[in-house]
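S.K.: Give me coordinates for this.
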Amino acid sequence: MATIPLFLMGCGGVGRQLLRHIISCRPIHSKQGVRLRVVGVSDSKSMVAVPDILTSEFHDDFLLKLCKLKSSGVSLHELANSGECRVFSGQEIASKVVDFASTLCESSGLTLVDCSASAQTIDMLSQVVNLERCCVVLANKKPLTSSLEYYDKLVSQPRRIRHESTVGAGLPVTSTINRIISSGDPIFRIIGSLSGTLGYVMSEVESGRPFSQVVTAAKSLGYTEPDPRDDLSGMDVARKALILARLLGHRINLDSIKVESLYPVEMGPDVMPLEEFLVNGLPILDNDIKKRINIASSNGNVLRYVCLIEESRCEVGIQEVAKDSPLGRLKGSDNVLEIYSRCYREQPLVIQGAGAGNDTTAAGVLADILDLQDLFQH
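M.R.: From the prediction side, this is the model:
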């Protein structure tokens, strides 16, 4: 039996769904000889931990209560009087997590799971990953897109870190790339649509619908962030591109990537209020997008918002692609990635599927945790 102690950082949508997945998969994991022992959970302000980090674990009923509490926007501090946990807050959280990891590394080990969206976890993770028998699983992109110094620390123990969900939610993107590289097959080009939001927007405007109308519809469908400019800026795609580029050995930082934003600086969040952007700003962008669509169409192509990684090139933005290519055929909010290598020179290896959503992302995180189980065999 492999028992994997888990500490979860971040109990937003993905973190809560991960806890629910862990609970619902207990019968499957039992048959596989695996037990996931949740010993701590933290959000941005508070942390709850089991009374005895070496022997106890949170019961499933407690974890479900925690999920319900966080879903209603209540602080983890509300659990202080439950009698089932210790509660910490503020600056002591980071030191306590490192203390717990230091204690467990001498016995059972620990897997630290980062489902937050915070840069505050970076220093803590770089300390924990170097502790014997301690592993890191990431859905949070920021640790892997920080400075090269921190990146090198995080990936210095490749057997003990997994981060599939940082790029394509549950899609097997990083694992596929690692397998290709390990086989000695050099990858010379990656091009992909790695934003479900922008994939939906670019495929919908093909039909003649105005860009502003499509973005507004995407927002109402829940495809975008509350402020669509968070998606339209391209920065989320840029972070994913940086993670892939670094996997290929590119020694670059986020500011090395050429990023095309789909709105001008004067319409940015610091300049223009959200409502004004939606009502007055977006329609101004319609004509330019329409012209670009018409030019692409006259060339027999379509427009997609993609990341492109080649030997000396890493950029993110709108590109013309062939209509009959995997990217050209993309509809809806799927992600598509084309990988070109020596073995996949003429016909790329294509990965396609849902690349966003709490359920899919949490499933990807859980698969990463289980991929580490051989390190916890007793």
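
S.K.: just the helices in the stretch 251-378 of the chain please.
M.R.: Applying DSSP state H, counting those that start in this stretch to the stretch 251-378 of the chain gives helices spanning 274-276, 282-284, 286-298, 358-370.

S.K.: In a markdown table, list those helices along with distance to residue 309.
M.R.: In this view, the C-beta of every residue, glycine as well, is placed from N, C-alpha and C. Below are these laid out as a markdown table (distance: least, CB to CB, whole Å):
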| stretch | distance to residue 309 |
| --- | --- |
| helix 274-276 | 32 |
| helix 282-284 | 30 |
| helix 286-298 | 21 |
| helix 358-370 | 21 |
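
S.K.: closest to residue 116 out of those?
M.R.: Of all these, helix 358-370 sits nearest to residue 116, with 12.0 Å by CB to CB.

S.K.: Show me what the closest one is packed up against.
M.R.: helix 13-24, strand 110-114, strand 134-138, helix 165-168 (3 or more CB pairs under 8 Å, 6 or more residues apart in numbering; DSSP states H and E).

S.K.: mind checking which of these is nearest residue 325?
M.R.: Nearest to residue 325, of the helices and strands packed on helix 358-370 and by CB to CB, is helix 165-168 at 18.4 Å.

S.K.: Quick one: list the elements packing against the first helix or strand past the closest one going along the chain.
M.R.: With elements assigned by DSSP states H and E, the helix or strand that comes after helix 165-168 is helix 174-182. Applying 3+ CB pairs under 8 Å, 6+ apart, one finds that helix 174-182 makes contact with strand 187-193, helix 235-247, strand 334-341, strand 349-354.

S.K.: give me the low-pLDDT residue ranges for the stretch 201-350 of the chain?
M.R.: Counting by pLDDT under 70, the stretch 201-350 of the chain shows no low-confidence range.

S.K.: If you average the pLDDT over stretch 157-167, what comes out?
M.R.: Across stretch 157-167, the average pLDDT comes to 95.

S.K.: what does that stretch contact?
M.R.: 14, 129-130, 134-141, 144, 154-155, 170-175, 194, 239-240, 243-244, 361, 364-365, 367-369, 371-372, 375 (CB atoms under 8 Å, 6 or more residues apart in numbering).

S.K.: May I have the distance across it, first residue to last?
M.R.: 20 Å (CA to CA, to the nearest Å).

S.K.: Go through that stretch and flag the buried ones.
M.R.: 160-167 (16 or more other CB atoms under 10 Å).

S.K.: ok, so of those, who is nearest residue 119?
M.R.: Distances from residue 119 to these, taken by CB to CB, are shortest for residue 166, at 13.7 Å.

S.K.: That closest one and residue 361: what is the separation?
M.R.: Plainly put, residue 166 is 9 Å away from residue 361 if you go by CB to CB, to the nearest Å.

S.K.: shared neighbours of the two, anything?
M.R.: Common neighbours of residue 166 and residue 361 (CB under 8 Å, 6+ apart) are residue 139.

S.K.: Of the helices and strands packed on helix 358-370, give the one that comes closest to residue 181.
M.R.: helix 165-168 (14.9 Å).

S.K.: Show me how far that closest one is from its chain's centre.
M.R.: 4 Å (CA atoms, centre = their mean, to the nearest Å).

S.K.: Centroid-nearest residue for the protein?
M.R.: Centroid check for the chain by CA atoms, centre = their mean gives residue 166 as the closest residue, at 2.9 Å.

S.K.: Excluding sequence neighbours, find me the nearest residue to that one.
M.R.: residue 141 (4.7 Å; CB to CB, 6 or more residues apart in numbering).

S.K.: where does that neighbour land on pLDDT?
M.R.: At residue 141, pLDDT is 96.

S.K.: what sits against residue 296?
M.R.: 302-303, 320.
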